[in-house]
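Enquirer: Coordinates for the following, if possible.
(2 chains, ligands or ions: 2)
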Amino acid sequence: MSIDIAQYRIAREPFYRPQGDEVALYEAAYAARLPVMLKGPTGCGKSRFVEYMAWRLDRPLITVACNEDMTASDLVGRYLLDRDGTRWLDGPLTVAARIGAICYLDEIVEARQDTTVVIHPLTDHRRALPLDKKGELVAAHPDFQLAISYNPGYQSLMKDLKPSTKQRFAALDFDYPEAALEAEIVARETGIDGETAARLVKVAQAARNLKGHGLVEGASTRLVVYAAELIRRGVAPRAACRAAMARPITDDADIRATLDHAVDAVFA
Amino acid sequence: MGRSEDARQRAMRHPQAQAWWRQMDCGFTQVADVFEECLYEALSAFTRAEMEAFVAAARELAHLGRGPEPVLAFLEGWPSAAAAVGAAALDDVMSLVRAQQASPNGSAIAPLLQTLAAVARRLGSREQLAGYLELARELMARTTDSLHGRQAMTASAGLPAFFGQAPQLVEQLPLAGLRQWVEYGLRHYARQPQQQADYFDLKLADSRAVMQRERRGTLLADVERQLDCTLRALWRDPQPIIPYSNAYHALRQITPYHDSLGARLPDALEARDGVAAIDRYRATLAHMAGHRRWSRPLIADNWSPFQRLAVEFLEDARIDCLLLREYPGLAPTLLALHPRPREDACDPETTSCLRHRLAMLSRACLDAAHGYRDAALNETVAAFHAALTGGAADTARMAELALAWVARTRRPSDQLPRIHFDDTVIDYRDDNRALWAFIEEGDEEEAFDTRKQAAEETPAPAGLPPRHYPEWDRATQSYRPDWVSLYEALHPAGEAAAIDRLLARHAVLARRLTRLLDLHKPQNTQRIRHREDGAELDLDTAIRSLADLRCGLTPDPRINFDQRASGRSIAVLLLLDLSESLGQAAAGGGQTLLQLSQEAVALLALAIEGLRDPFAIAGFHSNTRHEVRYLHIKGFSERWDDTVKGRLAALQAGWSTRMGAALRHAGAALAQRPADKRLLLLLTDGEPADVDVEDGQHLHADAKKAVSELASQGVDTFCLSLDPQADDYVRDIFGGRHLVLDRVAQLPEKLPLLYLALTR
Ligand SMILES: Nc1ncnc2c1ncn2[C@@H]1O[C@H](COP(=O)(O)OP(=O)(O)O)[C@@H](O)[C@H]1O
Ligand SMILES: [Mg+2]
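Expert: Ligands and ions are numbered 1, 2, ... in the order given. Below you'll find the predicted structure:
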């Protein structure tokens, strides 16, 4: 079975602006092959960071977006039936373990707990993945590493990782960058001017202040980037903010009116 | 009930209710039928003294000689009215009732009381309600005819109609508008009873037209949530927003102000100079928030009124400049609202021009295109901007500038009694009462940020960041947002074997429980289809997959199904009050309440584990609103194992019982559970209390509020109380969903049985 590793390589340096010492921390964790957990709200740069680290460490990256319907087989692989009988197909986790990639399980709490336990043997000294159905024990490639992302904002005991799972990771905390830095990121990422970027961030912060008061989550850096993209393509700033930052996060009329007011207040 | 029944002799269930009923001395059977229920509703809202006043007023109404209707309407309506405007407003109501009784308008007492609750709920404060009652009194006085000055008088035709329409009227009109509407009716129909009745009944075309006219403008009540969101989003400074009315101050309009209770805003505003009413409200809130962020109080004692006025104008201008720096998009609003006095509008020979000069100065600070030529003004504006360059400057610097300006521009005519007011009132600004501290009165003035500082002094306990919860303020009938800081942590662990020893002591009980449990075990099962690994083959999907395969398509491998027990879908969270009092020895026995609780919880855990109901345990205690500790003992996903037993074994009692926040936090966790039923079981030995709260009723009311919030989120709360005196308040808080255990020693047995009974 030959796997085309090239498809998993990050060819060009992704833009990532560090917020603290996370790059050094990740490098150290990787050197020790420790599994890493990236904690933080949606759209604050976790996925981008992993991409950047994969590039920096020159490792292939396999990303899996987790969801509720995902079963263990979706991760490790399954037998497929075809005309000639059955054929085993490795799942993404198995592929990563074989080729020595970084496997990134995005939003892992979305997966059911009985699914997430399959990663356990890969995350301790065993560094192996048993394929029960196939009767194979895949020893992880020496370069293999597991990374997961986790949004503690859910605050739900349901959507939480088991302590026995959490205990297997070194954790890096992420949050929306501090205002000036976030503006710099948005400007770099999209090419809009720093002044406009700073204002967009201000609107996002107003939305974040409403978290828990009608908003489940505030506007993420990702949404700020979207708004900036719209502006760069000629949409007026206020309209861009409404479309990319206010409308997506709420249907509540009062909240929407408040966000619209924030937009008007920020853009003279 | 036979005719012969004397309602006065009716037996009430509760002895206290009986005492009150006797006091009522009321012969109406209709009243006797509902009296006790009404009392219970009132008990949940009133203090002891308020209760007495409530009963006394009811008694008075029963003896007016106007049948049962007034007293019925009162008993049923007043508790909810009082919840909105405060029980003290009863005096205002009874005073009108007496005035009606003393006039020919006694028959309008029932109409007054019938709509009072709806009116009070909308008006929302005692002052507002007093305004309404005052208006009714005036209507009554001016429509009750005294024929040729003789004693014989006829009742007001409009009054009952007015009371009947009142809920709709206050819904749509601010008090000032209502007053105009009443005034119109009085002016045109005071002498024509039939038309008068029709006017106040909204039956005449002009009565509806006047109402429409007075309706223009925006009611604060309708935009309050948006304003609250604005304060949070733009200023991170949530404040209670409280209405006041200008209906009774035609001569001197009240300006918005800020005091320890919150931001006081007019109950209605109209659009002005192209600025929508909501934006006028927002401008005021922004200005207030600016003061709270950037102003510091000054000691006022040795300054003249002129000097103080000047300081206020300059400080206000500084605040506006700073908030425009933050939110430049507000500039059009502020500049549209800020007057633009003409430079030559005031004649200094005949008039005091101080206000005029200050308004120009203020305008010039905000508006680069002011165009004023006065040298002193321009130099002061330059100094003002210089002070703000590269920083926020401060209140003291503004005071210096203001004093220098006063000294430089002073004129003898400033003392003249005739003052130039035109274009000098900047109505989006508040009255600056928080800007001044007076040494004599000392702490009376609420200084900026004293609260915030107090909070900062308390060192935050290490660990997770706090979660903030609101607290219900009985006095203002509103939430104090983010009032309580709750810290969540895992309970420290102790020795699990201690719990096993406790359980061993109860071996017999444990066995009995197990037998009971078998009867409770769920029977039904549920199919979960589309499983790749399942217990049995699902023929339907298997055949479909086979067909796909034959057709050369990739078949779906999820062709199995599983059986899962169902029929019982309950999630439970047991919340333990871990306050100091739990350390007391239980009556008649060497054990402390804490030890009894541990035993009971262990047995309960055993039972629930047997039923496989998802189950969590947590404890709480508090040390002021700044520190409510919430300790996890068992999570939903944890088994009842040694780790959990260890935590249970380590329980300790300490501190106080701030129940509301803990209930909210526990309930939020529970509300997330996917279950048909969610039960929050609270085990407590006392009433809500905390060291920073004097009014015991306050935390009661908050706990009660929390329980009803949870109910609306689908969480049932049940309280098991170990306080033999608890009946009074637990009923109130938990609305009857409670059990008071008078023999505490029974707890280990009772708790699991209670659970079984509750979830049967
Ligand atoms: N530190 C950062 N450096 C560069 N881009 C960032 C950074 N933080 C956020 N972004 C931007 O935000 C977007 C969303 O980030 P992403 O990594 O997808 O969020 P998450 O994985 O946390 O949900 C990225 O596409 C990128 O444009
Ligand atoms: Mg992502």
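
Enquirer: mind listing the strands in chain A by residue range?
Expert: Remark: strands assigned in chain A by DSSP state E are A:36-39, A:61-65, A:77-82, A:85-90, A:102-106, A:128-131, A:136-139, A:145-150, A:170-173.

Enquirer: winner for burial among these?
Expert: When the strands of chain A are scored by mean count of other Cβ atoms under 10 Å in any protein chain shown, the highest mean neighbour count falls to strand A:145-150 (a mean of 27). The C-beta positions use only the backbone N, C-alpha and C, and glycine is treated the same way.

Enquirer: Okay, angle between it and strand A:102-106 too, please.
Expert: 10 degrees (axes from the mean of the first three to the mean of the last three Cα atoms, to 10 degrees).

Enquirer: Given strand A:145-150, what are its sheet partners and their directions?
Expert: Each strand that pairs with strand A:145-150, with its direction, by DSSP bridges: strand A:36-39 (parallel), strand A:102-106 (parallel).

Enquirer: Turn those into TSV, columns for mean pLDDT.
Expert: Shown next, in TSV, are the strands paired with strand A:145-150 (pLDDT from 0 to 100):
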stretch	mean pLDDT
strand A:36-39	94
strand A:102-106	96
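
Enquirer: At the contact with chain B, which residues of chain A appear?
Expert: A:71, A:73, A:78-83, A:113, A:155-160, A:162-163, A:206-207, A:209-210, A:213-214, A:254-255, A:257-259, A:261-268 (Cβ under 8 Å from any Cβ of the partner chain).

Enquirer: now do 7 Å
Expert: Residues of chain A lying near chain B by Cβ under 7 Å from any Cβ of the partner chain: A:71, A:73, A:78, A:80-81, A:83, A:156-158, A:162, A:206-207, A:209-210, A:213-214, A:254-255, A:257-258, A:261-262, A:264-268.

Enquirer: Can you select the buried ones among those for me in ChimeraX?
Expert: In ChimeraX, this line selects whichever of the residues of chain A next to chain B come out buried by 16 or more other Cβ atoms under 10 Å in any protein chain shown:
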select /A:71,73,78,81,157,206,207,209,210,213,214,254,255,257,258,261,262,264,265,266,267
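
Enquirer: B:A600 and ligand 1, how far apart?
Expert: 45 Å (Cβ to the nearest ligand atom, to the nearest Å).

Enquirer: Show me the shaky parts of the stretch 101-250 of chain B.
Expert: B:146-152, B:216, B:246-250 (pLDDT under 70).

Enquirer: Name the residue most distant from the centre of the chain?
Expert: I went with chain A, as the question did not name one. A:D84 (38.8 Å; Cα atoms, centre = their mean).

Enquirer: I was after chain B.
Expert: Going by Cα atoms, centre = their mean, the residue of chain B most distant from its centre is B:R550, 66.3 Å out.

Enquirer: Quick check: that one vs B:L537, distance?
Expert: Using Cβ to Cβ, to the nearest Å, B:R550 is found at 18 Å from B:L537.

Enquirer: ok, which stretches of the stretch 51-200 of chain A are helices?
Expert: Assigned by DSSP state H, counting those that start in this stretch, the stretch 51-200 of chain A shows helices spanning A:72-76, A:92-99, A:113-116, A:163-166, A:179-190, A:194-208.
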